[in-house]
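Trainee: Structure for the following, please:
(chains A and B)
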Amino acid sequence: MSRSTMPKEISSSTQPPLLKGSAALSEQRSARWRPGLAAEGAEVRHSEVFASGHEASGTAAALALALDQWRGEETRRKSDPLAEHDDQRAILWVQDRAAIKANGRPYRPGLPEELRHRIIHVVTEKPEDALFALEEGVRCRDLIFVIGEIAGNPRALDFTASRRLSLAAERHGVPLWLVRFDAGHDLSSARMRWDVRSAPSPAPQWNAAAPGAPSLHAELFRARTHPPGQWILRDDGHSLTAIRPQIATRNRTITADNDEHSEPQDLSAYSVDLARPTVGRSLAAL
Amino acid sequence: MTSIQSLKTSRRILSIWLARLSVDRWRLSNAQNPDQAKRGEGADALPTALITETAHGPRIESANDAGIEAGARKGMMLADVRTLCPAIQVAPSDPAGDIDALEKITIWAQRWGPWSAMDPPDGVLVDVTSVAHLFGGEKRLLADAQALFDKRGLAARFAIAPTAGAAWALSHYGPPRAILSPDDDVVTRLSQLPVAALRLDDDVMTVLHRLGLKRLSDLTGIEGDGKGRDAIMRRFRNRRSPAANPLVRMDQLLGKVPEPLLPVIPLHMPLVQRRLMEPIRHRELLDQVVGDLAQDMARELEGQGKGARRLELGMWRVDGEVVVRALEMAAATRDAAHICRLFSSKLNEIDAGFGIETVRLRASWAEPLAMGQDDIEAAAQSHGTSLAACIDRLNVRLGAGAVSRPVAFASHIPERAQRWQLPLEPEPVLQGGFQGELALHHRPLKILDRSERITVLYATPDGYPRSFRWRGHVHDVMRVEGPERIAPEWWREKSTIRLRDYYRIEDGEGRRYWIYRHGLIDDNRGGPPDWYLQGLCA
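Mentor: Okay, the predicted model is just below:
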């Protein structure tokens, strides 16, 4: 029962020790993902979000996750008296032609408030050029993060290319959020891989017939340090909340992560999700 | 008179009139040795006229002393002068060269004052306010200027006065080396000058002569009482062009109205080049040369405290062809390695032919750049590149226009409320908040480049949409908010453009879209309304 709890000293240290017992390793890996992990030092530099090209959920999820991570960095930076307080950095948003055709361009009035004035948009004709732009982006120290949108499974985006991106992003510390429209789960070295679709929104306070706050059904199907899981993500403009879908359907608002008091039927539903256990398998695993 | 009183301590303008500029240039450029450069010697001893070809035949532009003696005047037809003096020599005039020479003389004239302006076609104005003591007084200054112009073989007349107008009048029509001291009464000192000293157009001069107004005193005499000024004002109604209105010119001469003049500022375009001993035909050698040039350019720019925004690399081939590759950067830079890297992809498909013998790098657009920019390439390994370098690289590989940023634009039409501009340009300032800032309306996260036509089931004429088909899928509308009516911008578009009713909808699976109905049923602007899907909400 203590498998799912993460030991205190590991969660607080930014660099976990390399050599560990297999029990400790599996314990660390089994720490469930939750929003705000970046504030504790667990940042992800390369993630992939798979979504349908016929809805904006993939982009919204990438933005929400990136914002969540950035807010964590901000809180850490604010606590550092020597750090520069006003962040003026920009965001690089790379789209290839096919992605624009399927999913449109970012629309400034609809973007989150703190990102609107930071967008630098790149249009590329071919996926190869998009990969080049992404790599140039993650090597640029003046960017908060890089968003890429690529449609389908182009030949250029193979495991080597994705590994290149991962290494560059980790070396220079610029996170990359790659949205894959209508793509199969091919090989990739992304540290976290999400499957995202829209979820019915909660009824807003005033007009129950209107669409409510954007909600996303996100499934983390492969991650290096977390077991897979499903969440309903909502970004209210200040923070990201993640609710387990079973609980959400019962209209409870418990942000349940690593929570050993979570209910038994919840755990049983979760064990079904572990159809593809990734713990202990190679990077190239699906 | 207070304005004239205040002039007494204000400015001193030196006017230089190069009375014979074109003839002097012709003589100096023809001279084989210093002896012939003197006036009246060699070819200049014969009567000579500089002519311009016109539709009616050659016309005299100017003539040398012997030519004037023989009867040649500016504006005469050459045929007429030939009757007076059959032996007159002819040479083509060169107005562009004269202006060019005048520009150089204007910059040279800054030796007498920090500010100088061209006074085309043949004059220079220099501001010598509170600098005359460096030359030992204004008289000494004029003597110095006279000596230097004589040495250059240029005929010149000088005058110093509190206003540009007065200085011009005295240099053209006053005594040689006239000085109008601030204590003098300008009106009485200048009263005997002809009205031509006012720099007026020819037709205005004709009118003044017909009116019998020949000297400045005639004009100031009329102006003395208020009525006379009114009369002249009625006669010359053109207030816009000073050259057409003697009153404006008079006020400029007296310093009652300001006369703005554009100063000449010498600009040096950073340029470095290599002439090669052996024509090069291989890429590695070219890269080496470009690297050297970039180093030179960086040094040159650093000396001027500038960074290049646009660079042009010209390669002269042995067979006479010139290959030019241009580069434009998002921010000013003088980093040699960065420049080389940007050029390297542009040099791939250059055809060297039989070899390249000269390579020249020119910064045709440079901006001030503070010292101490880091070496971008070396820093890139450890700290990552800067944003400007990143954008430059993207631009070079993807082509101009691939990188842009969205900015808000004051328009109600959704696709027009966002524009794309260069990534590092400052954002335009919008008055007030615009629809981006309206908290009441939700806008979609993304919009399609072109709104896509959808078929919608809805209760006519203006009920909520029930279901729609888009890209082959049927979506049932579960929740809907709207309509938000957006009328066409009548000040911009034709009257047949239809209004739009926007609905924010959510379908059964939670997908949120932004759709609109284009028009109303009975708006007489087309058939039944169409539906379009424009945006994808988060």
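Trainee: Who's the closest spatial neighbour of B:Leu293, skipping the chain neighbours?
Mentor: B:Leu361 (4.2 Å; Cβ to Cβ, 6 or more residues apart in numbering or on different chains). Bear in mind the C-beta positions are built from the backbone N, C-alpha and C, glycine included.
Trainee: what sits against the one you found?
Mentor: Listed by Cβ atoms under 8 Å, 6 or more residues apart in numbering or on different chains, the contact set of B:Leu361 reads B:271-273, B:290, B:293-294, B:296-297, B:311-314.
Trainee: Find the residue closest to B:Arg229 in space, skipping its chain neighbours.
Mentor: Leaving aside its sequence neighbours, B:Arg229 sits nearest to B:Glu223 (Cβ to Cβ, 6+ apart; 4.9 Å).
Trainee: ugh, wrong one, I meant B:Lys346
Mentor: Nearest non-adjacent residue to B:Lys346, counting by Cβ to Cβ, 6+ apart: B:Arg325, 4.7 Å away.
Trainee: I'd say the one you found and B:Asn348 touch.
Mentor: No - counting by Cβ atoms under 8 Å, B:Arg325 sits too far from B:Asn348 to count as a contact (10.3 Å).
Trainee: Of the two, give the one with the bigger neighbour count.
Mentor: Between B:Arg325 and B:Asn348, B:Arg325 has the larger neighbour count (other Cβ atoms under 10 Å in any protein chain shown), namely 14 against 7.
Trainee: Could you give the bridge partners of that one?
Mentor: Here B:Arg325 sits in beta bridges with B:Leu313, going by DSSP bridges.
Trainee: Now do the same for it: its pLDDT.
Mentor: pLDDT, B:Arg325: 92.
Trainee: Tell me who's in contact with it.
Mentor: B:Arg325 sits next to B:312-313, B:315, B:343, B:346-347, B:350 when contact means Cβ under 8 Å, 6+ apart.
Trainee: Okay, now the unreliable bits of the stretch 1-150 of chain A?
Mentor: The model of the stretch 1-150 of chain A has pLDDT under 70 over residues A:1-30, A:83-85.
Trainee: Contact residues of it facing chain B?
Mentor: By the rule Cβ under 8 Å from any Cβ of the partner chain, the part of the stretch 1-150 of chain A lying against chain B is A:54-57, A:59-60, A:63, A:89-90, A:92, A:100-101, A:103-111, A:116-117, A:119-124, A:129, A:132-133, A:136-137, A:139-143.
Trainee: For A:Phe221, give its distance to chain B.
Mentor: Per Cβ to the nearest Cβ, to the nearest Å, A:Phe221 is found 19 Å from chain B.
Trainee: I figured that residue hits A:Pro228, correct?
Mentor: Yes - A:Phe221 is within contact range of A:Pro228, at 5.3 Å (criterion: Cβ under 8 Å).
Trainee: Nearest the middle, which residue of chain A would you pick?
Mentor: Compute the mean C-alpha point of chain A, and by Cα atoms, centre = their mean the closest residue is A:Leu65, 4.4 Å away.
Trainee: and it, what does it touch?
Mentor: A:Leu65 is in contact with A:47, A:49, A:177, A:194, A:233, A:240, counting by Cβ under 8 Å, 6+ apart.
Trainee: Could I get the residues you listed in JSON lines, plus columns for neighbour count and secondary structure?
Mentor: Converted to JSON lines, these look like this (neighbours: other Cβ atoms under 10 Å in any protein chain shown; DSSP: H, G, I helix; E, B strand; the rest coil):
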{"residue": "A:Ser47", "neighbour count": "26", "secondary structure": "strand"}
{"residue": "A:Val49", "neighbour count": "30", "secondary structure": "strand"}
{"residue": "A:Trp177", "neighbour count": "30", "secondary structure": "strand"}
{"residue": "A:Trp194", "neighbour count": "27", "secondary structure": "strand"}
{"residue": "A:Leu233", "neighbour count": "23", "secondary structure": "strand"}
{"residue": "A:Leu240", "neighbour count": "19", "secondary structure": "strand"}
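Trainee: need the longest helix for chain A.
Mentor: helix A:57-79 (DSSP state H).
Trainee: got the residues of the stretch 301-450 of chain B near chain A?
Mentor: Within reach of chain A by Cβ under 8 Å from any Cβ, the stretch 301-450 of chain B has these residues: B:380, B:383-387, B:389-391, B:393-394, B:397-398, B:402-408, B:414, B:417-418, B:420, B:423, B:427, B:435-436, B:442-449.
Trainee: Only the buried subset of the residues you listed, as a PyMOL command please.
Mentor: Applying 16 or more other Cβ atoms under 10 Å in any protein chain shown to these leaves a buried subset, and the PyMOL line that selects it is:
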select buried, chain B and resi 380+384+385+386+387+389+390+391+393+394+398+402+403+404+405+406+407+408+414+417+418+420+423+435+436+442+443+444+445+446+447+448
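Trainee: For B:Met77, list the residues it contacts.
Mentor: Applying Cβ under 8 Å, 6+ apart, one finds that B:Met77 lies in contact with B:56-60.
Trainee: Looking at stretch B:77-87 now, give me its mean pLDDT.
Mentor: For stretch B:77-87, mean pLDDT rounds to 92.
Trainee: Kindly apply the preceding question to stretch B:329-341 instead.
Mentor: Stretch B:329-341 shows a mean pLDDT of 88.
Trainee: what's in contact with it?
Mentor: Defining contact as Cβ under 8 Å, 6+ apart, one finds that stretch B:329-341 is touched by B:287, B:290-291, B:294-295, B:297-298, B:301-302, B:306-311, B:327, B:342, B:366-369, B:373, B:375-378, B:388-389, B:391-393, B:395, B:422-424.
Trainee: and residue 107, what is it in contact with?
Mentor: In the absence of a named chain, chain A is used. Neighbour list for A:Tyr107: B:406, B:414, B:418, B:443-447, B:535 [criterion: Cβ under 8 Å, 6+ apart].
Trainee: Actually, chain B is the one I wanted.
Mentor: B:Ile107 makes contact with B:116, B:264, B:266, according to Cβ under 8 Å, 6+ apart.
Trainee: Apart from its chain neighbours, what residue comes closest to the last one?
Mentor: Spelled out, that is B:Pro266. Among residues not flanking B:Pro266 along the chain, B:Ile107 sits closest, at 5.0 Å (Cβ to Cβ, 6+ apart).
Trainee: Just the pLDDT for that neighbour.
Mentor: 92.
Trainee: Same question for B:Ala402.
Mentor: 90.
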